[in-house]
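In: this one's sequence-less:
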């Protein structure tokens with residue numbers, strides 16, 4: 001595996017870890033108590049992070 005390919009895998013793994021933490025936060029009372037605009041932005045962030053992770057995953061699939 002080339003160095004740049006490993007960096008893409010690492011980037012995807014780190015992104016997925018952050019996405020998991022975001023989703024855990026979205027299950028808390030603190031999230032529920034946040035203003036609707038803040039919740040909306042976090043929801044948008046979740047969606048974009050998932051799309052980014054999916055793109056990285058598709059790129060990684062091409063490595064094989």
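Out: Perfect, I can see it now. Everything numeric in this text was worked out from a predicted model, so none of it was measured.
In: quick one: average pLDDT of the helix or strand containing residue 60?
Out: Residue 60 is part of helix 36-61 when elements are defined by DSSP states H and E. Helix 36-61 comes out with an average pLDDT of 98.
In: and that helix, which residues are buried?
Out: 42, 49, 53, 56 (16 or more other Cβ atoms under 10 Å). From N, CA and C alone the C-beta is placed, and that goes for glycine too.
In: I'd like a version of those residues in CSV, one that adds distance to residue 19 as further columns.
Out: As requested, these are exported to CSV (distance: Cβ to Cβ, whole Å):
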residue, distance to residue 19
42, 11
49, 5
53, 6
56, 11
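In: right, and out of those, which lies closest to residue 31?
Out: Closest approach to residue 31 among these (Cβ to Cβ): residue 42, at 7.0 Å.
In: Contact partners for that closest one?
Out: Contact analysis of residue 42 by Cβ atoms under 8 Å, 6 or more residues apart in numbering lists 22, 25-26, 31, 34.
In: can we see that at 10 Å?
Out: By Cβ atoms under 10 Å, 6 or more residues apart in numbering, the contact list for residue 42 reads 22-23, 25-26, 31, 34.
In: just to revisit the earlier point, now the helix holding residue 60, how far from the centre of its chain.
Out: 5 Å (Cα atoms, centre = their mean, to the nearest Å).
In: What of stretch 19-36?
Out: Centroid displacement of stretch 19-36 relative to its chain, using Cα atoms, centre = their mean, is 14 Å.
In: what comes up buried for that stretch?
Out: 19, 22, 34.
In: ok, the second one touching residue 39?
Out: No - counting by Cβ atoms under 10 Å, residue 22 does not reach residue 39; the two are 11.9 Å apart.
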